[in-house]
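>>> Model the following, please.
(one chain, ligands or ions: 1)
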Amino acid sequence: MAAPSEDVDEHLSKIFTPVGFEYYPFKIGWYNEIVDPIFKLDYPDDTLAYIIVSTPGMFEKAFVPYVCRLNAEDARDPVDQCIDLYYQKVKEAFPDHDIEVIHDYDLHANRRPKILVQTAGHVAGAAYYYQRKDVKNDPWEKDQKIFGVSVHPLFGGWFGFRGVIIFKDIQKIELEKKEPVDCIQGDELRIQVLEKFTYHWADNSFRDIIPVVEKYSDEQKVYFNTLPAERRKLLESLGIKIGQQDSCKET
Ligand code: B12
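As a prediction, the model looks like this:
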């Protein structure tokens, strides 16, 4: 079915923008033409997809109000559940469309990721994906593993990719390709951010490689630094009440 992507954008804006998510459209072909064959998505090149990003505000705007809906018995990760609520809202907003959601953590049976969100984020213009090959004079050993890192022009490294939404039945869209902002220029800073992400990711310094407009709140930092098994206990210690349906704010 042919459809201008602006119509879809309008619905997505209502669902995602007030609660701290961003969405960036891309064509499946833009992604497929650069990844290795095993990572290609099995859809026509002109299929419409969106990469979804959580900004620092998502925690307070979407997650904290959502926590009261949690079922105390449910062992799934509360953040994943919260994000799924919003993916569900997208499916409900487009009942006539065939939608596939691929989460950032979805793996094939052989543990290969179903989607490479950093590459998707780059081709959609959301965040520049810096890789070893973006450094001209590379200081590392040939076989040294250097992980690539995406940098958002406003939030640096203080954001998360949450997955892609594919509108399987929307093709032949008018979509202009937007290049991501190349906010780290020159080898020196690129080497720095790649080394920080590969070797010192736990100190979060890669996230501050550029000046940012907003970072994770202290509560959010503590939450994400806590082991998943301990997170429910932590929420309660922060005074965030789990499973109190009566006090649920509409999200
Ligand atoms: C597996 C995985 C890991 C593994 C391996 C890391 C790796 N990069 O291989 C481990 C466990 C080590 C790991 C650790 C971490 N991870 Co991790 N991880 C992933 C995951 C699930 C898949 C990455 C992967 O396997 N890639 C496969 C390789 C082959 O891809 P690639 O190297 O990018 O190669 C492709 C590109 O080069 C592309 N390509 C080719 N040519 C071109 C040209 C251009 C221009 C472009 C753009 C692309 C492109 O094609 C190649 C594939 O064919 C992603 C989420 C996801 N679904 O993508 C998160 C992800 C990369 N991790 C993330 C994070 C934050 C972390 C950690 C900090 C832990 C944490 N707190 O979550 C640490 C930091 C790294 C470290 N030092 O340990 C974030 C990174 C965010 C960012 N700003 O970039 C991601 C995106 C998760 C997310 N939801 O946001 N991770």
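>>> Show the contacting residues for I83.
I52, S54, H103, R162, G163 (CB atoms under 8 Å, 6 or more residues apart in numbering). Quick note: C-beta positions are derived from backbone N, CA and C, even for glycine.
>>> L194 now?
By CB under 8 Å, 6+ apart, the residues touching L194 are Y130, Q131, R132, V135, I146, F147, G148, V149.
>>> Number of residues surrounding the third one?
Per other CB atoms under 10 Å, the neighbour tally for R132 reads 16.
>>> Make sure I have this right: L194 is in a helix.
Yes - secondary structure of L194 (DSSP: H, G, I helix; E, B strand; the rest coil): part of a helix.
>>> Can you give me the distance of it to L238?
34 Å (CB to CB, to the nearest Å).
>>> Kindly report the same for D134.
39 Å.
>>> what do you get for D74?
Here the criterion is CB to CB. By it, D74 lies 19 Å from L238.
>>> related to what we said a few turns ago, and of the contacts of I83, the nearest to the ligand?
For the contacts of I83, the closest approach to the ligand (CB to the nearest ligand atom) belongs to R162, at 6.7 Å.
>>> Chain neighbours aside, what residue packs nearest to that closest one?
I52 (4.5 Å; CB to CB, 6 or more residues apart in numbering).
>>> Can you pull out the residues in contact with the host helix or strand of that neighbour?
Here I52 sits within strand 48-54, counting by DSSP states H and E. Under the criterion CB under 8 Å, 6+ apart, residues 3, 5, 8, 12, 16, 20-28, 31, 41, 43, 83, 117, 120-121, 124, 126-127, 152, 159-167, 170-171, 173, 175 lie in contact with strand 48-54.
>>> just checking, G121 touches F161?
Yes - G121 is in contact with F161 according to CB atoms under 8 Å; the separation is 5.8 Å.
>>> overlap in contacts of the two?
Joint contacts of G121 and F161 (CB under 8 Å, 6+ apart) are I51, V53, S150.
>>> Tell me, how many residues neighbour the first one?
What it means is I51. 28.
>>> Can you tell me the SS state at I83?
Taking three-state DSSP, the label given to I83 is helix.
>>> For D208, which non-adjacent residue is closest in space?
Nearest to D208 is G156, by CB to CB, 6+ apart, at 5.9 Å.
>>> thinking again about what came up before, which of G121 and F161 has more residues huddled nearby?
Between G121 and F161, counted using other CB under 10 Å, G121 has the larger neighbour count: 24 against 21.
>>> What parts of the stretch 51-200 of the chain come near the ligand?
104, 113, 115-119, 122, 129, 131, 147-150, 157, 160-161, 197-198 (CB under 6 Å from any ligand atom).
>>> In helices only, show me those.
Those of these mapping onto helices are V117, Q118, T119, H122, F197, T198, per DSSP state H.
>>> out of the residues you listed, who's nearest P139?
Distance to P139, by CB to CB, is smallest for T198 among those, at 12.5 Å.
>>> mind checking how far that closest one is from W30?
Distance from T198 to W30, by CB to CB: 27 Å.
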